[in-house]
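Colleague: No sequence on hand, only this structure:
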């Protein structure tokens, strides 16, 4: 779990600024945060992705590999309000299917912005 | 996440305050922590996250928490507007540091020699103290002149600066330490000073020495050594 807090190339709080702006515009918003990584993972713990129900995105939690799965779960969490820890653990064989071609494992915490 | 908590986090960021978002991964309980806010275990985790600028999980009282740090920008204070300072300023800027060069000798500290960087011509200890070096601050002295370096080092040693480096040979540094002992500093404090400054890469030219200094600063920042 080495590496620096890796929030966004646009500045550490750009994702959160965007999340708040969307929420204040009345949209349903969920925030995903990388909790831990194992093996080669493109984003470090602390990296964040904000999504709206409409599918708008800011930031990332991987190199595009698991964003789709995170967004699907995020829609449920927007509805239920119950935060959840998602795990994407893939062997090299499975990696191509989920999209983590690097073969890494990541845990992502997804919460609703109330 | 509560919207009010998010607004407070963004307000802390805008004000340049270091803050950690602590999240209990079982039920989503969240707190915004500043240094010294929380009970010991939480505070230690908060301090570690900020110090290494690294999000990490910790088990506290049977619950797993994520500590996600939001740090203010890195700062580097270079004491001595000397030749080595020129490439050091460029490298540090590229590496993400907000750089200030301090030298009361106005012939050295000129905007022509140091374009695009904050220049201060106050006495180094006063200039440094005014900026209050914090745990995201590095201080490097380059003058070789005890009148300038020593007061700056004394001020840096009384601060939370994560890195303190001082140019000079082993012999120069031994004499410097002797003077600082005379000012009341103990061995554990003097051990904070990296000297001879920089990683040992055999640098000779000013730019090569600047590379070794910035590499050492990054190593201490990211690896703690």
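Modeller: Nice, thanks for sending it over. Note that the structure is a prediction, hence the values are computed from the model and not measured.

Colleague: Residue B:17 is in what secondary structure piece?
Modeller: Per DSSP states H and E, residue B:17 falls between elements, in no helix or strand.

Colleague: quick one: contacts for it?
Modeller: Neighbour list for residue B:17: B:34, B:72 [criterion: C-beta atoms under 8 Å, 6 or more residues apart in numbering or on different chains]. C-beta here means a position set from N, CA and C on the backbone, and glycine is covered the same way.

Colleague: what about the longest strand seen in chain A, near chain B?
Modeller: Using DSSP state E, we find that the single longest strand of chain A is strand A:29-38. Yes - with C-beta under 8 Å from any C-beta of the partner chain as the criterion, chain B is reached by strand A:29-38 at A:31, A:33-36.

Colleague: Could you check the angle the next helix or strand after that strand makes with strand A:29-38?
Modeller: Under the assignment DSSP H and E, the closest C-terminal helix or strand after strand A:29-38 is strand A:48-52. On the basis of axes from the mean of the first three to the mean of the last three C-alpha atoms, to 10 degrees, strand A:48-52 is oriented at 150 degrees to strand A:29-38.

Colleague: what packs against the longest strand of chain A?
Modeller: Helices and strands touching strand A:29-38, by 3 or more C-beta pairs under 8 Å, 6 or more residues apart in numbering or on different chains; DSSP states H and E, are helix A:14-24, strand A:48-52, helix A:67-80, strand A:105-112, strand B:63-70.

Colleague: Can you tell me which of the ones you listed is most buried?
Modeller: strand A:48-52 (a mean of 25; mean count of other C-beta atoms under 10 Å in any protein chain shown).

Colleague: ok, residue A:75 - contacts?
Modeller: Neighbour list for residue A:75: A:30, A:53 [criterion: C-beta under 8 Å, 6+ apart].

Colleague: how close does it get to chain B?
Modeller: Separation of residue A:75 from chain B (C-beta to the nearest C-beta, to the nearest Å) stands at 17 Å.

Colleague: Look up the pLDDT of that residue for me, please.
Modeller: What the model reports as pLDDT for residue A:75 is 95.

Colleague: can you check residue B:222 too?
Modeller: Predicted confidence (pLDDT) for residue B:222: 86.

Colleague: before we move on, the earlier item: what would the helices and strands packed on strand A:29-38 look like in a markdown table with distance to residue B:164?
Modeller: Listed next are those as a markdown table, based on distance: least, C-beta to C-beta, whole Å:
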| stretch | distance to residue B:164 |
| --- | --- |
| helix A:14-24 | 32 |
| strand A:48-52 | 33 |
| helix A:67-80 | 42 |
| strand A:105-112 | 37 |
| strand B:63-70 | 22 |
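
Colleague: and of these, who's closest to residue B:23?
Modeller: strand B:63-70 (4.7 Å; C-beta to C-beta).

Colleague: which parts of the next helix or strand after that closest one are buried?
Modeller: As assigned by DSSP H and E, the chain's next helix or strand after strand B:63-70 is strand B:74-79. For strand B:74-79, the neighbour count (16 or more other C-beta atoms under 10 Å in any protein chain shown) marks B:74-79 as buried.

Colleague: Same check on stretch B:122-136?
Modeller: For stretch B:122-136, by 16+ other C-beta under 10 Å, it's B:123-125, B:127-129, B:131, B:133-134, B:136.
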